[in-house]
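# Kindly generate the corresponding structure for this input.
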Amino acid sequence: MKNIFLFGECMIELMAASQEESSNTMKQSFAGDVFNTAVYLKRTFADVNVQLVTAIGKDQFSVDMIRYFKNENIGSDFVFQSETRIPGLYSIQLDEQGERSFTYWRENSAARQVMQHIDDEVISQLSTGDMFFFSGISLAVIEPDSREKFWTLIDKLKTSGIQVVFDPNYRPRMWSSPKEAQQQFELALHKSDISLPGVDDFEQLFGMTTVEEVYNYCKPFGINELIIKNGEQGVLVVVEGIISEFSITPVTNVVDTTSAGDSFNGVYLGSRMEGYSVNNSITLASKAAGFVIQHRGAIAPADEFDTFINAQLALVQ
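As a prediction, this is how the structure comes out:
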């Protein structure tokens, strides 16, 4: 059985209960980029052992969150519980095109102190995995004085032979300055075996607007497997120096783009862990993302997603 550890934050999600502008009733769920990635990976590839690495509290929301992890068959062996802190919270607002904007309440979330729970014994256990995934949001969430300890963790995992995977997910408000984010992203790219940057994130952080610019920036880092996502414009893949381009069939019924990149990441990484070719992995991942953005919220209904993804898996067997 393959094992992947996903490091980051799961939050309380609030979204309007209906799409009507007058709606003032909020629907509560749980989400977060790394958690979303874990959900779609596990739903698609049930045989992969998927474990979250995060911190929550001991409040009722945290209890419900662990129950939700269990319902999604996601391991919580490394979900640490803070005595004094609780999960972060965010709300989503959608425009008519399904594009989202966020409001966050996470400054004192338990996940910011997750590195306090990671000692040598935990590192030893994490070293038994096949992949370790984190994102730009993961880096922004942890307290700045914990980052040196985080990079030490990454170095130890790499020494043990784990594939390190980084998604440069950029949220400007979470960083003290663009320069701080750039420095941390460069470290992450330097240490990554696989990276999944999106052109939209690099446009915000570096002013890059094309796949070519992103590729030229990432090339010196020597990333073994580079997956550059560019929305409807397609995907550029560089594996061991070999460049391939993949077109994407646009989705006409876009409802909510919240988890487009997360679902892509989860299905792509699961596909690669299970031995699928890059071509088939990109196909499955893009199909999954196209399905997810036709539904409201970060996590699509399980029964509908399962039916869809099983049909897609049958096509690439």
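# tell me the pLDDT at F132?
Note on F132: pLDDT of 99.
# I'd like the distance between it and F221.
17 Å (Cβ to Cβ, to the nearest Å). Just so you know, the C-beta spots here come from the backbone N, C-alpha and C atoms, and that holds for glycine as well.
# These two - which one has more neighbours?
Each of F132 and F221 has its neighbours counted (other Cβ atoms under 10 Å); F132 has more, 24 against 15.
# Now do the contacts for that one.
If a contact means Cβ atoms under 8 Å, 6 or more residues apart in numbering, then F132 has 4-5, 7, 126, 154, 157, 162-165 as its contacts.
# Kindly recompute the last result at 6 Å.
Each residue near F132 by Cβ atoms under 6 Å, 6 or more residues apart in numbering is listed here: 5, 157, 162, 164.
# just G57 next, same as before
82, 85-86, 110.
# rerun at 7 Å
Counting by Cβ atoms under 7 Å, 6 or more residues apart in numbering, G57 touches 81-82, 85-87, 110.
# cool, and C10?
Contacts of C10 (Cβ under 7 Å, 6+ apart): 30, 32, 35, 52, 54, 65, 87.
# Just the buried subset of these, please.
For the contacts of C10, a burial check counting by 16 or more other Cβ atoms under 10 Å picks out 30, 32, 35, 52, 54, 65, 87.
# for T249, helix, strand, or coil?
coil (DSSP: H, G, I helix; E, B strand; the rest coil).
# How about it, nearest residue that isn't a chain neighbour?
The shortest distance from T249 to any residue other than its chain neighbours is 7.1 Å, reached at G290 (Cβ to Cβ, 6 or more residues apart in numbering).
# Next: S127.
S160 (3.9 Å).
# Retrieve the pLDDT associated with that neighbour.
Looking at S160, its pLDDT is 98.
# Tell me the gap between stretch 50-69 and the middle of its chain.
17 Å (Cα atoms, centre = their mean, to the nearest Å).
# what's the span of it, first residue to last?
This stretch, stretch 50-69, spans 10 Å end to end (Cα to Cα, to the nearest Å).
# and it, which residues are buried?
Buried-residue list, stretch 50-69, by 16+ other Cβ under 10 Å: 50-57, 61-62, 65-66, 68-69.
# between those residues, which is nearest P301?
Y68 (14.1 Å; Cβ to Cβ).
# May I ask which helix or strand encompasses the closest one?
Element membership for Y68 (DSSP states H and E) is helix 60-71.
# From R43, how far out is the closest residue to E240 other than its chain neighbours?
Leaving aside its sequence neighbours, E240 sits nearest to N224 (Cβ to Cβ, 6+ apart; 6.3 Å). Using Cβ to Cβ, we find N224 at a distance of 27 Å from R43.
# And for G270?
For G270 relative to R43 (Cβ to Cβ), the value is 9 Å.
# now S138
Counting by Cβ to Cβ, the separation of S138 from R43 is 21 Å.
# Then R272?
Applying Cβ to Cβ to R272 and R43 gives a distance of 16 Å.
# Also V251?
For V251, the distance to R43 - Cβ to Cβ - is 19 Å.
# Which one of those two is surrounded by more residues?
R43 (24 against 18).
# thinking again about what came up before, would CSV of the buried residues of stretch 50-69 with pLDDT be doable?
Below are those laid out as CSV (pLDDT from 0 to 100):
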residue, pLDDT
V50, 99
Q51, 99
L52, 99
V53, 99
T54, 99
A55, 99
I56, 98
G57, 98
F61, 97
S62, 98
M65, 98
I66, 98
Y68, 97
F69, 98
